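Participant: sequence plus the predicted model coming up.
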Amino acid sequence: MALFELCHRYAALLEAGLPLREVEGQLGAVRDQLSDGEEQRLSRMVSFGRDLGIPLADLMRSWAAQLEQQAEQGRQLESAFAAPRATAFLVTGLPVLSIAMAQLAGLNPLAALAGSRLAQLSAIVGTFFLVLGWLVMRRMMTRAKPDGRDAGELLGLFAQSLLSGLPTKNCFELTCLHLGLGGNSLGDRELEWQFAESRRLMDYSLTTGSSLRELLIAQASVRRSQGFAAQRSTIERLGVRLMIPLGLVVLPAFVLIGVVPVTVGMFAK
């Protein structure tokens with residue numbers, strides 16, 4: 001069972017009036033199916049709500065909706081990422097496939113590789129180009145791979161902490177503590193932005209009298225949408241950028257490995 005589905009069950013049972021201990025007893029078997037990371041996240045979120053006095057049903061319902069949206073966006077990004085990844089794997093394997101097909105067709109490129117220095121030199125240089133092209137493409141794919149992070153985690157959790165009724169400053173500090181943040185250096189550009197944006201919204205709310213919670217929820221939603229759009233755009237550009245190593249390195253490797261030995265084998269007959 002997905003984590004967001006379990007959170008929905010938590011919320012439903014809590015809204016029915018069951019105490020947390022009984023809810024955890026009923027859902028214990030399902031909770032055991034979670035991974036260690038998911039179990040830790042759930043435990044920390046429950047502890048966060050209990051420590052601050054946030055209505056757990058509301059907290060779980062909100063978190064479940066967020067996790068569900070994040071999972072759907074993750075599926076869309078993985079689906080978009082599958083095309084350039086498959087292209088890279090397929091094109092990289094073409095030289096070897098061409099050698100195998102030529103051998104089955106009776107052109108005997110393996111004999112040419114065994115007995116011709118030209119074919120051997122061509123295969124060595126082609127293999128170097130192929131490995132170089134694969135390393136470049138793998139690095140490009142690693143940089144474009146979806147990270148699955150929540151781009152509005154701090155903003156959204158800060159908004160939920162305000163339901164506790166504690167002073168705003170205390171809510172912000174406890175939210176940062178829950179996320180393991182402290183000091184002026186957060187060590188993460190995205191969290192640093194959310195940290196600064198939270199403080200800006202606090203000042204804005206204090207000045208204008210607007211609802212800080214609504215401002216945080218709206219900004220978290222905008223940030224998540226921006227993060228999703230940025231990752232989708234990066235993946236779409238990856239499909240075009242992969243053409244550079246494919247054309248400059250992998251295609252020559254295909255000729256050197258898959259064409260030259262076959263040609264030498266044909267003329268050797």
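Facilitator: Thanks, I have the structure now. Numbering: from 1, shown residues only.
Participant: make it CA atoms for all contacts and neighbour counts henceforth
Facilitator: Will do.
Participant: can you spell out which helices and strands pack onto the lengthiest helix in the chain?
Facilitator: The longest helix of the chain (DSSP state H) is helix 56-104. Where contact means 3 or more CA pairs under 8 Å, 6 or more residues apart in numbering; DSSP states H and E, helix 56-104 is packed against helix 3-15, helix 36-52, helix 109-115, helix 117-144, helix 212-241, helix 251-254.
Participant: tell me which helix or strand comes right after the fourth one.
Facilitator: Along the chain past helix 117-144, the next helix or strand (assigned with DSSP states H and E) turns out to be helix 153-161.
Participant: quick revisit: got a markdown table for the helices and strands packed on helix 56-104, with mean neighbour count, mean pLDDT and distance to Ala88 too?
Facilitator: Below are the helices and strands packed on helix 56-104 laid out as a markdown table (neighbours: other CA atoms under 10 Å; pLDDT from 0 to 100; distance: least, CA to CA, whole Å):
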| stretch | mean neighbour count | mean pLDDT | distance to Ala88 |
| --- | --- | --- | --- |
| helix 3-15 | 19 | 90 | 33 |
| helix 36-52 | 14 | 89 | 31 |
| helix 109-115 | 19 | 77 | 25 |
| helix 117-144 | 18 | 89 | 7 |
| helix 212-241 | 17 | 91 | 9 |
| helix 251-254 | 23 | 86 | 12 |
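Participant: those: which one's closest to Leu181?
Facilitator: Counting by CA to CA, Leu181 lies closest to helix 36-52 out of the helices and strands packed on helix 56-104; the figure is 14.5 Å.
Participant: is it true that Val250 touches Gly133?
Facilitator: Yes: with contacts defined as CA atoms under 8 Å, Val250 counts as touching Gly133 at a distance of 5.7 Å.
Participant: quick one: residues contacting Ala12.
Facilitator: Taking CA atoms under 8 Å, 6 or more residues apart in numbering, we find Ala12 in contact with Ala57.
Participant: right, I'll leave it there.
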